[in-house]
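Enquirer: I would like to see how this sequence folds:
(one chain, ligands or ions: 2)
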Amino acid sequence: MKKIITVVGARPQFIKLAALSPHIRKYFTEVIVHTGQHYDSNLSDNFFQELNIPQPDYNLEIGSGTAGFQIGNMILKLEEVFIKENPCCVIVFGDTNSTAAASIVAAKLNIKLAHIEAGLREFDKSIPEETNKLITDILTDFYFCPTDTGVAILKSMGITNNVFNVGDVMIDLIEENRIKIESETKILSDFNLTKKDYVLATIHRASNTDNSENLKEILNALSQIKQKIIFPIHPRTYSIIQNLGLSARVKSDNIIITKPLGYFDTQTLIHYAKFILTDSGGVTKEAYYHKTQAILLDKQTEWIETVNEGWNIQAGPSEKNIINAVLSLKKPDFQSSFLGSGDASKKISYILHDKLY
Ligand code: UD1
Ligand code: UDP
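Expert: Ligands and ions are numbered 1, 2, ... in the order given. This next block holds a predicted model:
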């Protein structure tokens, strides 16, 4: 079998890999490279165990740092691995620093590059993920878009060759595990939560954590919400809240702060929440797919369909807008299938088989 390298580094990429890897392995020998961008067990190892992802063949142990530190060191180490393994294709996911680094190395070594979640944009280069998206989509050979919007954006950039709307791989995983997600609800009793009577919050975007004013606006809004809020906190957000002395703002009987949670518990919490507050791209579309409304805490979203259809409300990091959004929540009657139907991984592996053999 021909060899493919999949490169992952951050939490959402392990989840996407869990969906894709079994399908890739039907036709290819897969070598998994973990850059080590995320290293805490509750952001990394736990997902490999819980989602039965094969252990990475390489862990580059890059760790945290500036974009230059991370991308530079990843490039050096990825180059060694790609030369040694000599794959016919490298697969990258989403828009993290790990994505950009692997794209640069694959392109420089003339190895075919496949991008999962191609074509999405937030049209703001101050967002770290936006430059990663741009770097990757300039260098990609096979564009696996999750939506028609991705295809249209690539077309507007003059990219039309080898562009496929396959749907979203994260939907595959929800569909495969729907019964477990909806029936195993221990996480609700663990936190004394009642179905449809609590709020789930996640915050980790650079614009909401590194900007203390934005973070304060969001935390002030949280403190005004009547329902119990479960807030599995990203370590980035936790340390900034500590460093800025903002812990008092999230110390209320209503706000349950906990460590980052596993995949299944998080899906169950999304499914049964009354509504969600998030700046996570993954949670934005998962909320939509679970038919739970979400208030988006970032200024832009690449999942604009979720807003256009009235499911999600784009409040941004504004206390006033968030509270207004909470008051105006109303579930739409209609939901499209713009994220596909849960067979994205199958389609991707067929197409790669067709193109690479
Ligand atoms: C990264 C991605 C972001 C993605 C997110 C998923 C980039 C630019 N950002 O953001 O697109 O949405 O992952 O969660 O690639 N830290 C730990 N333990 C860890 C990892 C990080 O404590 O295992 C802390 C460190 O203080 C680190 C900070 O979190 O400096 C930020 O980590 P980093 O990977 O740079 O960015 P994320 O915010 O996680
Ligand atoms: N997620 C999780 N545990 C958590 C928070 C999020 O398993 O405590 C999942 C979430 O359901 C989604 C993915 O992690 O599948 C999203 O990752 P993240 O928010 O870190 O990154 P983004 O999608 O914004 O890049």
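
Enquirer: Give the helix, strand or coil label for I229.
Expert: Here I229 is strand, with the state taken from DSSP: H, G, I helix; E, B strand; the rest coil.

Enquirer: Test my guess that it contacts D253.
Expert: No - judged on C-beta atoms under 8 Å, I229 makes no contact with D253 at a distance of 10.5 Å. For the C-beta atoms, the positions are set from N, CA and C on the backbone; glycine is no exception.

Enquirer: So which of the two has more stuff around it?
Expert: Higher neighbour count among I229 and D253: I229, with 21 against 6, using other C-beta atoms under 10 Å.

Enquirer: May I have the residues that are in contact with that one?
Expert: Shown in contact with I229 (C-beta atoms under 8 Å, 6 or more residues apart in numbering): Y198, V199, L200, A201, L222, N254, I255, I256, L277.

Enquirer: What distance do you get for it to A201?
Expert: 5 Å (C-beta to C-beta, to the nearest Å).

Enquirer: Next: V250.
Expert: In this view, V250 and A201 are 10 Å apart by C-beta to C-beta.

Enquirer: of those two, who's got more company?
Expert: Neighbour tally, V250 and A201, criterion other C-beta under 10 Å: the higher count belongs to A201, 27 against 20.

Enquirer: which SS state does the more buried one fall under?
Expert: strand.

Enquirer: Do I have it right that it meets Q227?
Expert: No - A201 is not in contact with Q227 according to C-beta under 8 Å; the separation is 10.8 Å.

Enquirer: who in the chain is up against ligand 1?
Expert: Residues of the chain found near ligand 1 (C-beta under 6 Å from any ligand atom) are 10-12, 37-40, 43, 64, 95-97, 128-129, 204, 235-236, 239.

Enquirer: again, only using 8 Å
Expert: 9-12, 37-40, 43-44, 63-65, 67, 70, 94-99, 128-129, 132, 204-206, 209, 234-236, 239, 280-282 (C-beta under 8 Å from any ligand atom).

Enquirer: Report the buried members of those.
Expert: Neighbour counting with 16 or more other C-beta atoms under 10 Å marks 9-12, 37-39, 43-44, 70, 94-99, 128-129, 132, 204-205, 209, 234, 236, 280-282 as buried within the residues of the chain next to ligand 1.

Enquirer: Count the residues that sit near G36.
Expert: What G36 shows, counting by other C-beta under 10 Å, is a neighbour count of 21.

Enquirer: Do I have it right that it meets G63?
Expert: Yes - contact criterion C-beta under 8 Å: G36 and G63 qualify, at 5.9 Å.

Enquirer: ok so, going back, could I get the contacts of I229 in CSV, plus columns for pLDDT and distance to I4?
Expert: Putting those into CSV (pLDDT from 0 to 100; distance: C-beta to C-beta, whole Å) gives the following:
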residue, pLDDT, distance to I4
Y198, 98, 41
V199, 98, 40
L200, 98, 35
A201, 98, 37
L222, 95, 43
N254, 91, 47
I255, 95, 44
I256, 95, 41
L277, 98, 37
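
Enquirer: Which ChimeraX command selects the buried ones in these?
Expert: Applying 16+ other C-beta under 10 Å to those, the buried members can be selected in ChimeraX as follows:
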select :198,199,200,201,222,255,256,277
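
Enquirer: Out of the contacts of I229, which comes closest to ligand 2?
Expert: L200 (8.8 Å; C-beta to the nearest ligand atom).

Enquirer: Any figure for the gap between F338 and Y238?
Expert: Distance from F338 to Y238, by C-beta to C-beta: 34 Å.

Enquirer: and if you look at K84?
Expert: Counting by C-beta to C-beta - K84 and Y238 are separated by 37 Å.

Enquirer: For the two, work out which one has more neighbours and name it.
Expert: Between K84 and Y238, counting by other C-beta under 10 Å, Y238 is the more crowded of the two (18 against 9).

Enquirer: Hmm, I276 is touching K291, no?
Expert: No - counting by C-beta under 8 Å, I276 stays clear of K291, with 11.5 Å between them.

Enquirer: So for the two, which sits in the more crowded spot?
Expert: I276 (25 against 12).

Enquirer: Tell me the bridge partners for that one.
Expert: L200, A294 (DSSP bridges).

Enquirer: Let me see the contact set for it.
Expert: V199, L200, A201, T202, I270, V283, A287, T292, Q293, A294, I295.

Enquirer: I'd like the distance between it and ligand 1.
Expert: 16 Å (C-beta to the nearest ligand atom, to the nearest Å).

Enquirer: Repeat that for L113.
Expert: 18 Å.

Enquirer: how many neighbours does that residue have?
Expert: 23.

Enquirer: From what I see, it and F144 are in contact.
Expert: No - the pair L113 and F144 does not pass the contact test of C-beta under 8 Å, sitting 11.1 Å apart.
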